[in-house]
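J.: quick one: sequence and predicted model below, then my questions.
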Amino acid sequence: MNSPDLQALPVDPPPSAPRLRRILPPGAGSTGSWPLYGRDDSRAVEAAAHPALPPHTLMRRAGEASARLALAMAPHARRVWVAAGPGNNGGDGLEAALRLTQAGKSVSVSLLADPDRLPADAAAALQRARAAGVVVTPGDPAALPSAAPADLAIDALLGLGSSSRRRPEGLLASAVAQLRAWPGPVLALDLPTGLDAETGQPVGGDIATCVRATHTLALLTLKPGLFTGHGRDLAGTVWFDDLGVTPRLDPLAELSGEAAALALLPPRAHAQHKGSFGDVLVVGGAPSMTGAALLAARAALAAGAGRVYTALLDPAALRHDALAPELMFREPGAFERMDATSLTVVCGCGGGDAVAAVLPGVLERAARVVLDADALNQVAADTQLAHLLRARSAQGLATILTPHPLEAARLLGCTTQEVQADRLQAAVRLAERLTCTVVLKGSGSVVAAPGRRPAVNGSGNAALASAGTGDVLAGWLGGRWAQGLEARDAAVLAVYEHGAAADRWLALGRDTRGPLSASALIGVLGRAVG
Ligand SMILES: NC(=O)C1=CN([C@@H]2O[C@H](COP(=O)(O)OP(=O)(O)OC[C@H]3O[C@@H](n4cnc5c(N)ncnc54)[C@H](OP(=O)(O)O)[C@@H]3O)[C@@H](O)[C@H]2O)[C@@H](O)CC1
Ligand SMILES: [K+]
């Protein structure tokens, strides 16, 4: 997208600096972390900004930003269809329609609302649009003429006011269906209609009633729902315009970006030696699952740990890895004789039930522990292990858990659906319950630590959905953490790098539909950021 298109429209009032920023996928020069605000806090930010501004200023700015982005993303669109809903999201759409008409586009607006019952800002926008000659048709969008693939649709049906339990029905549902079937690009204003701003779940539970946008322009604040759960799939490329407002509230969460990860990378000085970079012990690999432990160990090595030991739980397994001869193999019982105070133990990868025997010793003594997969299931099934885990933080021992949603559900004693219904809250609850740092994996992985603001990861794509990538994450995380980072920082960094490696893989022109194998992932991880 080139900047002349973004400059094509008159601005009102002129912004002092470019406000429109691309957030996802992260590009060159992307910033550190972005604050994410929930529904109530976004409304509070809006309410605090209004008194200092002339009436309708924020909505005008929202319309201006939307029109600029629309022109840039669909420069050859002959027609633009705006689907406007009953609230201020619809008002944003009307403001955008006005500006796109002024820019020479053929714009039609379907207003799915009673024009006499619009909120004040939206009512003013309707008046301004009509006065400028925009054709606004209240009612049924089914009457639309067919669109060409270059034509643009704007989803201004529902935004922040989307009711959390009410799925779009009737005319609203029919407009959503039109947007889902639209042959060209779809720009969602603030949120794709039907997406919950905080959880990234479909309101009313049915993803078929959500708009699937090619681009979403978040307005005033970035909302966490755009980046986790179904948010990534429904929002497409995410843009942000703060409308010239700086929030004075603590955010609900933050989005980790490239620069934040780069700032956390452990430095490597010339005069350091392998002893400076920490020791990692990977415990796992029960019979028929040794590959999982080997993947984790190779990843820990690639992450830069000074020495990596591997304790396979399969007594018959080879004590050698021809592809990683740097790995040192030990018996599982050897842990008892190692210096646990300087050790980072990655425990669980392919560990099966056999991992239960080593877990008590590891939890009681190891300075830093990453628990993954079967180790998490053992903790969920054994209250004594859960007790040992909780006791660690009081003894100054740190733990990072890396559950996927099913493992998190077992640990929390709830269903996977309940975890997914609010991933941020589930990660925070788990971190507080077990006094650990938690990485809740999945689309938009969440890093939570007791008393700290949760972070949603901004990197990654569906290529990571392949066997063994979780083992690679656990090992890579152990390898990064061993080099002296604080637990939450290590988790934020490793999770970002893990996703960025998959992004880089796609950028290199690999098969965009095929998965990235776990072994190939280790190969690209070292060059994931920077
Ligand atoms: N004002 C400003 O300065 C700025 C505003 N901004 C923009 O405003 C947006 C928030 O506006 P908003 O609060 O009016 O909410 P919005 O999402 O438009 O809809 C609420 C309406 O929809 C209705 N409704 C809800 N669910 C429904 C369902 N399932 N099916 C049917 N109806 C349903 C709901 O009805 P109710 O629940 O009240 O019965 C109500 O009538 C925000 O996202 C941003 O785009 C920004 O540009 C910043 C500046
Ligand atoms: K919308």
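T.: That came through fine. Ligands and ions are numbered 1, 2, ... in the order given.

J.: now do the domain split for this structure, please.
T.: If you go by automatic domain parsing, the domain ranges for the chain are 58-246, 259-264+271-525.

J.: which stretch among the ones you listed comes nearest residue 19?
T.: Between residue 19 and those, the tightest spacing by Cβ to Cβ is seen for domain 58-246, at 4.7 Å. Any C-beta I mention is one placed from the backbone N, CA and C, and that applies to glycine too.

J.: now the domains of the chain as TSV including mean neighbour count?
T.: Output for the domains of the chain, formatted as TSV (neighbours: other Cβ atoms under 10 Å):
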stretch	mean neighbour count
domain 58-246	22
domain 259-264+271-525	21
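
J.: so which of the ones you listed is nearest ligand 1?
T.: Ligand 1 lies closest, by Cβ to the nearest ligand atom, to one member of those: domain 58-246, at 2.1 Å.

J.: distance between the ends of the closest one?
T.: Start and end residues of domain 58-246 are separated by 13 Å (Cα to Cα, to the nearest Å).

J.: so how far is that domain off the chain centroid?
T.: Its chain's C-alpha centre and that of domain 58-246 lie 22 Å apart, by Cα atoms, centre = their mean, to the nearest Å.

J.: near ligand 2 at all, it?
T.: Yes - applying Cβ under 5 Å from the ion, one finds domain 58-246 in contact with ligand 2 at 155, 159, 188-189, 193.

J.: OK, contacts around residue 313?
T.: Contacts for residue 313 were tallied using Cβ atoms under 8 Å, 6 or more residues apart in numbering; they are 283-287, 293, 332, 351-352, 354-355, 358.

J.: kindly recompute the last result at 10 Å.
T.: Residue 313 is in contact with 283-287, 289-290, 293, 331-332, 350-355, 357-358, 374, counting by Cβ atoms under 10 Å, 6 or more residues apart in numbering.

J.: so for this protein, the centremost residue is which one?
T.: Centroid-nearest residue in the chain: residue 444, 2.8 Å away (criterion: Cα atoms, centre = their mean).

J.: wait, that residue sits on residue 405?
T.: No - using Cβ atoms under 10 Å, residue 444 is not in contact with residue 405; the gap is 11.7 Å.

J.: overlap of the contact sets of those two?
T.: Here residue 444 and residue 405 have residue 423 as joint contacts, going by Cβ under 10 Å, 6+ apart.

J.: now do the same contact list for whatever residue of the stretch 301-450 of the chain ends up closest to ligand 2.
T.: Using Cβ to the ion, the single residue of the stretch 301-450 of the chain nearest to ligand 2 is residue 444, 19.2 Å away. Contacts for residue 444 (Cβ under 10 Å, 6+ apart) come out as 24, 200, 224-232, 255, 423-424, 456-458, 460, 499.

J.: how does it look with 8 Å?
T.: By Cβ under 8 Å, 6+ apart, the contact list for residue 444 reads 200, 227-229, 231-232, 423, 456-457.

J.: how about the residues of this structure that lie near ligand 1?
T.: 46, 58-59, 62, 85-90, 92, 119, 121, 158-163, 166-168, 172, 189-190, 219-220 (Cβ under 6 Å from any ligand atom).

J.: return the helix or strand in this protein with minimum mean pLDDT.
T.: Within the chain, no helix or strand scores below helix 3-6, which has a mean of 36 by mean pLDDT, DSSP states H and E.

J.: got a list of contacts for the helix or strand following that helix?
T.: Using DSSP states H and E, the helix or strand that follows helix 3-6 in sequence is strand 21-24. Here strand 21-24 makes contact (Cβ under 8 Å, 6+ apart) with 30, 34, 218, 222, 226-227, 232, 235, 237-241, 255, 458.

J.: how about those, which pair is most distant?
T.: Using Cβ to Cβ, the two most remote members of these are 232 and 241, lying 19.8 Å apart.

J.: relative to residue 93, how far out is the nearest residue to residue 183 once chain neighbours are set aside?
T.: Leaving aside its sequence neighbours, residue 183 sits nearest to residue 149 (Cβ to Cβ, 6 or more residues apart in numbering; 4.7 Å). Look at residue 149 and residue 93: by Cβ to Cβ, to the nearest Å, they are 21 Å apart.

J.: endpoints of stretch 123-138, how far apart?
T.: End-to-end distance of stretch 123-138 (Cα to Cα): 13 Å.

J.: so what touches that stretch?
T.: Outside stretch 123-138, the residues that touch it by Cβ under 8 Å, 6+ apart are 55-56, 59, 63, 84, 91-92, 94-95, 97-98, 101-102, 107-115, 118, 143.

J.: go with 7 Å
T.: For stretch 123-138, contacts defined as Cβ atoms under 7 Å, 6 or more residues apart in numbering pick out 56, 59, 63, 91, 94-95, 97-98, 101-102, 107-111, 115, 118.

J.: follow-up on the earlier one: assign a three-state SS to the residue of the stretch 301-450 of the chain closest to ligand 2, would you?
T.: Reducing the assignment at residue 444 to three states with DSSP: H, G, I helix; E, B strand; the rest coil gives coil.

J.: I'd assumed residue 314 was in contact with residue 287.
T.: Yes - in this structure, residue 287 is within contact of residue 314 by Cβ atoms under 7 Å, at 4.4 Å.

J.: right, and the domains of the chain - which one's nearest residue 41?
T.: Among these, the nearest to residue 41 by Cβ to Cβ is domain 58-246 (7.4 Å).

J.: pLDDT (mean, whole number) over that closest one?
T.: Domain 58-246 shows a mean pLDDT of 94.

J.: redo the domains of the chain as JSON lines? Include distance to residue 39.
T.: Formatted as JSON lines, the domains of the chain follow (distance: least, Cβ to Cβ, whole Å):
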{"stretch": "domain 58-246", "distance to residue 39": "5"}
{"stretch": "domain 259-264+271-525", "distance to residue 39": "13"}
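
J.: for residue 186, grab phi and psi.
T.: Note on residue 186: its backbone torsions stand at phi -120, psi 120 [degrees, to the nearest 10].

J.: right, and it touches residue 156 too?
T.: No - in this structure residue 186 lies outside contact range of residue 156 using Cβ under 7 Å: 11.2 Å.

J.: if you look at the contacts of residue 313, which of them are in helices?
T.: 290, 293, 355, 357-358, 374 (DSSP state H).

J.: of these, which is the nearest to residue 251?
T.: Proximity of the ones in helices among the contacts of residue 313 to residue 251 (Cβ to Cβ) peaks at residue 374, which lies at 35.3 Å.

J.: residues contacting the closest one?
T.: Contact partners of residue 374, counting by Cβ under 7 Å, 6+ apart, are 348, 351-352, 355.

J.: pLDDT value on residue 55, please?
T.: Value for residue 55, per-residue pLDDT: 95.

J.: begin at 613 from now on, thanks
T.: Sure, I'll start counting at 613 from here, so that last one is residue 667.

J.: please tell me how far it sits from ligand 2.
T.: Separation of residue 667 from ligand 2 (Cβ to the ion, to the nearest Å) stands at 23 Å.

J.: sec struct for that residue, please.
T.: Applying three-state DSSP: residue 667 is coil.

J.: how many residues are close by it?
T.: Here the number of neighbours of residue 667 (other Cβ atoms under 10 Å) works out to 11.

J.: give me phi/psi at the closest residue to it other than its chain neighbours?
T.: Distance criterion Cβ to Cβ, 6+ apart; nearest residue to residue 667, sequence neighbours excluded, is residue 736 at 7.4 Å. Main-chain torsions, residue 736, degrees, to the nearest 10: phi -70, psi -40.

J.: tell me where the stretch 963-1112 of the chain has helices.
T.: Taking DSSP state H, counting those that start in this stretch, the helices of the stretch 963-1112 of the chain run over residues 967-977, 985-993, 995-1006, 1017-1024, 1028-1033, 1035-1046, 1081-1093, 1099-1119.

J.: I meant the stretch 613-762 of the chain, not that one.
T.: Taking DSSP H, counting those that start in this stretch, the helices of the stretch 613-762 of the chain run over residues 615-618, 651-661, 669-685, 700-714, 732-743.
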